[in-house]
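Undergrad: got a structure for you, letters missing:
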Ligand SMILES: C=C1C[C@]23C[C@H]1CC[C@H]2[C@@]12CCC[C@@](C)(C(=O)O1)[C@H]2[C@@H]3C(=O)O
Ligand SMILES: O=C(O)CCC(=O)C(=O)O
Ligand SMILES: [Fe+2]
C-alpha cells in the first residue's frame, strides 16, 4: 500500500480531511494578521490598500501615494468588462475542477513555462503550499488547452487572448500614471515610449491562474508563500473569497478584502529597479480558507520583450541619488530570482554607487 505522503497530489488537495505534515507550516506571531485596531495604533492611516477610481481627476496623486505607502492599490473603473472577468474566472474553475490525472496531462515540462503545477517559488520553502495553478508564459498553452478541452479549446483560447490583450492595455495605462506620480513620463523610458506608440503589442506578460482549495486547517497552512513579483507590475483579479495579504513594516500583514469588479495592482521588482528604489516591490502572500475555495488570476507584466535592458530611469538619478541597480533584462532577472529568490534585488545592487 502506498504511504500517505505518496498519495498526496496538488490536484486533489480539496478532498483531504486532515492537513498532512508536509503542508503544515511553523507560523509565528509575526506571521499572523494584526486586528485592525492594533494596525491603527501603529500609525497606519488606512487599514488596507485603497480602491482608486481610474477616472478620478486626482488619479496620479492617489496612485502615487498608494504606491509609496503600500506598493499596491486597487482599481475601479478600469475598463475591463465584468463579462471578461467572469469568463476568465469560470475558465479557471472548469480547469481546476477536472480530475487530477487530466490536469497532470497539462503539467509544465519546465518550471516557469506554460502549464499546470506548483508555484515556481516552491523549491525555496521547506513546506508545501496549499494551491495548484496554471501558468501561461508563451503560446504553448494552446496545446495544453487542446488536451484539456478537446471540444471547447477555441472558446477558451479566445477568452485567454482577449484577457491578455486587455491586460496589456491596462498595464501601459497604469505605467503612465505611476510614472506621472514620480514626475517623469513614458518618453523618459525608451522602451516604454516604443511600447506606447505600438499600442503595447510587443510587450511581455505572463498569466498565472491560482486555485486554493478548501483546507482543513487554514491557520497552519499557506496558499502561496510570501514573495514579491518579478515584474514591472501585476494586475490581480481575485474571486469573492479573500486570502491575499500584503506586508507593510508599520502594519504587518494586511488582508486585501475582495471588492466585486475591482482589480488589485502590485508593484514588482522591475519597477523597484526602474524607480531606483523609490517605489519598492510589495511583499505579499495568499492564505487559505476552511469552507471556501478561492481562485485568483494574475497578469504578470514584465515590460519590454526580448533583450531590452531595464535600468533606473536617468531622470530619477543625480549626484545625491546615484543609480542603485545595474541594468538587466526580464529574462536575466528571472534567472537570478530563481537562484537566490528574495536576495535577487540585492544581487544586482551596485556596491559603491557613485555618479
Ligand atoms: C514570468 C514569471 C513570473 C513568475 C515566474 C514566471 C512565471 C510564473 C510567475 C509566478 C506566478 C505566481 C507567483 C510567482 C512568484 C511564481 O511562483 O510564479 C510568479 C513568478 C515571479 O513573479 O517571480
Ligand atoms: O492569489 C493571490 O491573491 C496572490 C497571487 C499572487 O501573488 C501571484 O500570482 O503572484
Ligand atoms: Fe504575487
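TA: The structure has been received and is ready for your questions. Here the structure is a predicted model, which is why all the values come from computation and not from measurement. Residues are numbered from 1 along each chain as shown. Ligands and ions are numbered 1, 2, ... in the order given.
Undergrad: What segments of the stretch 151-300 of the chain are strands?
TA: 203-212, 224-227, 233-238, 244-248, 252-255, 263-267, 284-286, 294-304 (DSSP state E, counting those that start in this stretch).
Undergrad: could you give the angle of the last one to strand 244-248?
TA: Here strand 294-304 runs at an angle of 60 degrees relative to strand 244-248 (axes from the mean of the first three to the mean of the last three C-alpha atoms, to 10 degrees).
Undergrad: near ligand 1, which residues of the stretch 101-250 of the chain?
TA: Within the stretch 101-250 of the chain, the residues that sit near ligand 1 (C-beta under 6 Å from any ligand atom) are 112, 119-121, 135, 137, 206, 208, 227, 229-231. In short, each C-beta sits where N, CA and C put it, glycine included.
Undergrad: Buried ones from these, can you make that a PyMOL selection?
TA: Only the buried entries of these go into this PyMOL selection, using 16 or more other C-beta atoms under 10 Å:
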select buried, resi 112+119+120+121+135+137+206+208+227+229+230+231
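Undergrad: Contact residues of the stretch 201-350 of the chain facing ligand 2?
TA: Counting by C-beta under 6 Å from any ligand atom, the stretch 201-350 of the chain sits next to ligand 2 at 208, 210, 224, 229, 234, 236, 238, 243-244, 284, 286, 296, 298.
Undergrad: from memory residue 267 sits against residue 281, does it?
TA: Yes. Contact between residue 267 and residue 281 holds when scored by C-beta atoms under 8 Å: they sit 5.5 Å apart.
Undergrad: Buried residues of whichever strand or helix holds residue 332, list them for me.
TA: Residue 332 belongs to helix 330-340 when elements are defined using DSSP states H and E. Neighbour-count burial for helix 330-340 flags 330, 333-334, 336-338 (criterion: 16+ other C-beta under 10 Å).
Undergrad: Packing partners of the helix or strand that that helix is followed by?
TA: Next along the chain after helix 330-340, taking DSSP H and E as the criterion, comes helix 344-347. Contact here means 3 or more C-beta pairs under 8 Å, 6 or more residues apart in numbering; DSSP states H and E; on that basis helix 344-347 packs against helix 269-274, helix 330-340.
Undergrad: Overlap in contacts, residue 267 and residue 281.
TA: Listed contacts common to residue 267 and residue 281 are residue 71; contacts here mean C-beta atoms under 8 Å, 6 or more residues apart in numbering.
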